[in-house]
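Student: curious how this folds, go ahead:
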Amino acid sequence: MKKIGLVPLEYHSFNYGGTLQNYALQQAITKSGYIVEVFNFDNENEKLFSPSSPAKKMTIASMFKKRVQKAFNLLFFKEVNGKKVKFKEFREKYFVDMREPVLTNLCKVTKEFDCFVCGSDQVWNPYWAKSDHFLSFVPNDIPKVSYAASIGVDELSDHQKKVYKPLINNFSLISVREKKGKEILESFIDDSKNVEVVLDPTMLLTSKEWDLILPENKIKEKYIFTYFLGEDSKLRESAEAFAKEYGYKIVNIPYLYGDFRKSDFLFGHIKYSFAGPEDFVNLIKNAEIVLTDSFHACVFSIIYKKDFYVFDRKVYGKSMSSRITGLLDSLDISDRILSTNHNMKEVSIGNINYENVNIKLHDLRISSLSFLKQAINVDLKLQEKIND
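Tutor: Alright, predicted model coming up:
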């Protein structure tokens, strides 16, 4: 049986979307009849670029703030760190395999594989991309494929394009998650390279397939699920007003980055601090409404036909919503995107045409699965030709 090496953004991440897309991509490749091994490069090599955020001088005030943050992290240790055990248990239970790469024999290890796939998630986001995310460690005689790789930003600088170009040109087949990513890549890579737009791996699995890993629903009352990566206090105030308007409780997952956040402390009626990846999906499945600034919270809202609204979020002053906009545009539900200062009293519920959405999603799922299978098959044939 053919063996595929898979390189995600971060294997040991405590990010729900990253972990779930990793699981989904393994499942999709395994169902096609291949053996999958995940390569963990969490601690190998430095990032290609330094964040373009303003340099912060270490002042007395900033030092004090850092110490206060550590103090709060210790005070709320269980809440801040509670989900880490759940993530570890999820990986041990569901992930096919994982290989800790050893740089001294990495070249030898790669020869065991017939093809390498990088993705999905924001493996090509310039803020945290590493050369390993472009499969730079893989010899050129072994086929390389990207599946639903995301750039995650609306533009790349000339310097970033210059660094990316030779790395991406080494790929046999290229696919990205957003139309914007396709436009960006096609503006500077070789004309001979075609870039396909495919679904995020989490959408390759149906709701019935996701149901197989979900725990029992423990929240019996009706609730709004909120999942905010950003710390906008006005957004949380709007969510509270919205929940009060409909008489629902707010269920929230706090302290997402492993740090105490003031914005999470007094927010929400039920804090689900110990939520693992399967709990995240379950909370969306059983919610009445989902309010979020997260791409993957949107994804699972769509999979489970939930009412949802998504708000723009910025990192280093730049919008992170291009991937959300691209997905919702492809499903004709771009009206689900709101600005952070949107008056939630003007929002209506129950008006998503999921019959139309599911038709479009089904077609996109079929074409994306077809691309994945054909990409690996084509590359395996290429590998066999090289070996001959």
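
Student: in the stretch 1-150 of the chain, which spans are helices?
Tutor: 16-31, 60-75, 77-94, 106-110 (DSSP state H, counting those that start in this stretch).

Student: again but with the stretch 151-300 of the chain, I slipped
Tutor: Using DSSP H, counting those that start in this stretch, helices in the stretch 151-300 of the chain cover 158-168, 179-186, 207-211, 233-246, 262-265, 277-285, 295-303.

Student: quick one on the thing from earlier: so which of the helices of the stretch 1-150 of the chain comes closest to Arg236?
Tutor: helix 77-94 (17.1 Å; Cβ to Cβ). In this view, the C-beta of every residue, glycine as well, is placed from N, C-alpha and C.

Student: so which elements touch the closest one?
Tutor: helix 16-31, helix 277-285 (3 or more Cβ pairs under 8 Å, 6 or more residues apart in numbering; DSSP states H and E).

Student: ok, and what's touching that helix?
Tutor: For helix 77-94, the external contacting residues (Cβ atoms under 8 Å, 6 or more residues apart in numbering) are 11-12, 14, 19, 23, 73, 98, 213, 253-255, 258-260, 271, 273-279.

Student: swap the cut-off to 10 Å and go again
Tutor: If you take Cβ atoms under 10 Å, 6 or more residues apart in numbering as the criterion, helix 77-94 is touched by 11-16, 19-20, 22-23, 26-27, 38, 72-74, 76, 98, 213, 253-261, 264-265, 271-280.

Student: just how off-centre is the helix of greatest length in the chain within its chain?
Tutor: As assigned by DSSP state H, the longest helix anywhere in the chain is helix 354-387. Remark: helix 354-387 is offset 19 Å from the chain centroid, using Cα atoms, centre = their mean, to the nearest Å.

Student: and what of stretch 202-216?
Tutor: 16 Å.

Student: sorry, back to before: rank the helices and strands packed on helix 77-94 by mean pLDDT and give me the bottom one.
Tutor: Across the helices and strands packed on helix 77-94, helix 16-31 has the smallest mean pLDDT, namely a mean of 92.

Student: buried ones among the contacts of helix 77-94?
Tutor: Neighbour-count burial (16 or more other Cβ atoms under 10 Å) applied to the contacts of helix 77-94 gives 11, 13-16, 19-20, 22-23, 26-27, 38, 72-73, 76, 98, 213, 253-256, 260-261, 264, 271-273, 275-280.

Student: list the contacts for Ser13?
Tutor: 19, 22, 42, 87, 91, 121.

Student: worst mean pLDDT among the helices of the stretch 1-150 of the chain?
Tutor: helix 60-75 - the lowest mean pLDDT of these, at a mean of 75.

Student: now that one against helix 77-94, angle please.
Tutor: Note on geometry: by axes from the mean of the first three to the mean of the last three Cα atoms, to 10 degrees, helix 60-75 and helix 77-94 are set 60 degrees apart in direction.

Student: start the count at 576 instead of 1 going forward.
Tutor: All right, first residue 576 from here; so that's helix 635-650.

Student: which residues touch helix 635-650?
Tutor: For helix 635-650, using Cβ under 10 Å, 6+ apart, the contacting residues are 631, 633-634, 654-656, 830, 833-837, 840.
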